[in-house]
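Asks: Kindly generate the corresponding structure for this input.
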Amino acid sequence: MIMKRDILKRHIRLTSEQEELSKLEAFIENICDDYHIYDLYFGNILTVNVLAYELFMDRLSGTNYHIDLYFEARRDGMFFTLELGEAFLELASVFDKALKLDASDPESFDGDVDQVLMIRLMSDDIVIKGEEGKIALIFHVSGINELLTQQRIELIEKYFARLTQRIPQS
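Replies: Next up is the predicted model:
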C-alpha cells in the first residue's frame with residue numbers, strides 16, 4: 001500500500017547550521033507546489049520563512065540548537081509556526097518590538113528589527129503565542145488542492161469526451 005504524504009500538516013526540524021537553509025527552501029517549495037502557490041505568494045512565503053530562520057540562526061550562532069517549523073493548511077490560510085523552545089523569549093521580544101513600531105518610519109529600525117519588519121510586511125499576519133513558545137507566520141491564501149485539481153481534470157475530460165461524441169466524424 002502506498003501512503004500519500006499529508007498535505008494539510010507538515011513538520012521539519014532545522015539546526016542552527018548554515019547547510020539547513022537548503023532543507024528549509026525545499027520544505028517551502030514542496031508545500032507551495034502541492035497547493036499550486038506560485039509567483040508573488042510563493043516568493044513571500046519563502047522569503048518570510050528564510051528571514052525568520054536567518055534571524056534565529058544569527059541569534060543562536062555558536063550553539064547547538066534546533067528550530068521546529070510546523071506547516072498547517074486551514075480554511076483561512078497557510079500557517080507556518082516556529083517553535084523556538086529556550087530561545088523564544090529573546091526572539092519574541094524582537095518580534096514584539098518590531099510589531100509595535102510604525103512601519104512608515106525607517107529611522108526607528110535597526111538590524112534585527114529591520115528583518116522582522118520585512119517579515120511583517122510580507123506576511124498577512126504574525127501571532128506570538130507566548131504560552132506555547134511559538135511564533136506563527138500566516139498567509140491568507142489557499143491554493144487549489146490536489147483533490148480539487150483531479151476533480152477538475154476529470155470534469156474537463158468528460159466534457160471533451162461528450163463533445164467529441166456529438167461531432168460527426170467525416
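Asks: In three-state terms, label the closest residue to Tyr53 other than its chain neighbours for me.
Replies: Excluding the flanking residues, the one nearest Tyr53 by CB to CB, 6 or more residues apart in numbering is Leu24, at 5.5 Å. Where you see a C-beta, it was placed from the backbone N, CA and C, and this is true even at glycine. Using DSSP: H, G, I helix; E, B strand; the rest coil, the secondary structure recorded for Leu24 is helix.
Asks: residues near Leu24, how many?
Replies: Other residues within reach of Leu24 by the criterion other CB atoms under 10 Å amount to 19.
Asks: from memory it sits against Glu17, does it?
Replies: No: using CB atoms under 8 Å, Leu24 is not in contact with Glu17; the gap is 11.4 Å.
Asks: re the thing from before, contacts only, for the residue nearest to Tyr53.
Replies: For Leu24, the contact set (CB atoms under 8 Å, 6 or more residues apart in numbering) comprises 12, 14, 49-50, 53, 69.
Asks: so the residue nearest to Phe71 when sequence neighbours are not counted is in which element?
Replies: Among residues not flanking Phe71 along the chain, Arg10 sits closest, at 4.4 Å (CB to CB, 6+ apart). Taking DSSP states H and E as the criterion, Arg10 maps to strand 9-15.
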